[in-house]
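Trainee: Output the structure for:
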Amino acid sequence: MLKMKVLVTGGAGFIGSELVRQLYNLKYKVSVLDSLVTGKKENIPPGVTFYHGDICNKEFVFNCFSQERPDIIFHLAAQVSVPYSVRNTVTDSEVNIVGTLNILDAAVKFRPKKIIFASSAAVYGTPEYLPVDENHPVEPLAGYGVSKYGAELYIRLYSKLYGLDYTILRYANVYGPGQLPDSEAGVVAIFINSLLTGITPTIFGDGEQTRDFVFVKDVAVGNILAMEKGKNLTLNIGTGQSTSIRELYFFIARELGVEIEPKYEVRRKQDILHSYLDISEAQKYLKWMPIYNLQVGLKETIYFFRPAAIYRREKVRII
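Mentor: Here you go, the predicted structure:
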């Protein structure tokens, strides 16, 4: 029996490439659409069809759909930097909203069975209660959250107008091998890379602020389960547990065998103090549960980063 054809936008990126690897290993016929602005072509397994281009280019998107005629769309391509979205609101909205509309218009024409959209817990803004469930008020604090929520609304609208099935997944703080240590969302990668290269990391605030850290391999599994489950639902993907930034930092430092006290700076006004997600709906409708606890996930992430780092021992005091 032939496996379904799947198209992954953003499939050369951090989360997308892990999803592509899992789909490929499960023998799906996989194609990838990516601009390579943050993704890397070498992340894509041999045998996966690759289209290099921008989702904001409607002609390019339609050509990809015409060539592949996919059964399932995983839409992960996005502008994901919160600070960038504050400085460049128009560009952020063009990629995350207009780009999504191009994907949706192509889906209306070529009729895949379903679109699975990577959204974010950033849509919620400052939590009014914890854990944050899918019924929590939506009040984004930056353009990134606004554009992600705008894309969600268009997906729901297209479902009503054109009968397009979807599942929207709102991710917590995703971490794991392959994450780039160059944005605030990649705090795990930033800490690991800094400690491996002898740089003193910075923590904004006292470090007692908490987040929900979910391993990238678990996130990919949630996406794959959504191919058959969670029809026309919006679901949180996290761990349902909170971890303080200090706790995270010192666990990484211990695993690396280094002793560097982080720098502390004034907490940024846009930073949320505490957040973690209620994942009971994903458990119920996707039959999904995260397998990796934070300790195991961090060890695997550290193992990935070690060979690539320049380890300056003269700047690091070994415990």
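Trainee: Correct me if wrong: Y144 contacts S81.
Mentor: Yes: with contact defined as CB atoms under 8 Å, Y144 reaches S81; the gap is 7.1 Å. The way it works is simple: take the backbone N, C-alpha and C, and place the C-beta from them, glycine included.
Trainee: So for these two, which residue has more residues nearby?
Mentor: Taking neighbours as other CB atoms under 10 Å, Y144 and S81 compare with Y144 leading, 26 against 20.
Trainee: Any regions of the chain where pLDDT drops low?
Mentor: 1-2, 183-185, 269-270, 308-319 (pLDDT under 70).
Trainee: Please parse it into its domains.
Mentor: With domains defined by automatic domain parsing, the chain comprises 5-174+215-237, 176-211+241-315.
Trainee: First-to-last residue distance for the longest one?
Mentor: Think domain 5-174+215-237. For domain 5-174+215-237, the first-to-last residue distance is 24 Å (CA to CA, to the nearest Å).
Trainee: residue contacts, the nearest residue to E261 once chain neighbours are set aside?
Mentor: Leaving aside its sequence neighbours, E261 sits nearest to T200 (CB to CB, 6 or more residues apart in numbering; 7.7 Å). Counting by CB atoms under 8 Å, 6 or more residues apart in numbering, T200 touches S194, I260, E261, P262, K263.
Trainee: Please tell me how far T200 sits from E255.
Mentor: Per CB to CB, to the nearest Å, T200 is found 17 Å from E255.
Trainee: do the same with T38
Mentor: In terms of CB to CB, T38 sits 26 Å off from E255.
Trainee: V48 too?
Mentor: From V48 to E255 the distance is 33 Å (CB to CB).
Trainee: Those two: which has the busier surroundings?
Mentor: Between V48 and E255, V48 has the larger neighbour count (other CB under 10 Å), namely 20 against 16.
Trainee: does that one really touch N25, like I thought?
Mentor: No: counting by CB under 8 Å, V48 does not reach N25; the two are 11.2 Å apart.
Trainee: So which of the domains of the chain is the most surrounded?
Mentor: domain 5-174+215-237 (a mean of 20; mean count of other CB atoms under 10 Å).
Trainee: ok, which stretches of the stretch 201-319 of the chain are helices?
Mentor: Secondary structure of the stretch 201-319 of the chain (DSSP state H, counting those that start in this stretch): helices located at 216-225, 245-256, 280-285, 294-305.
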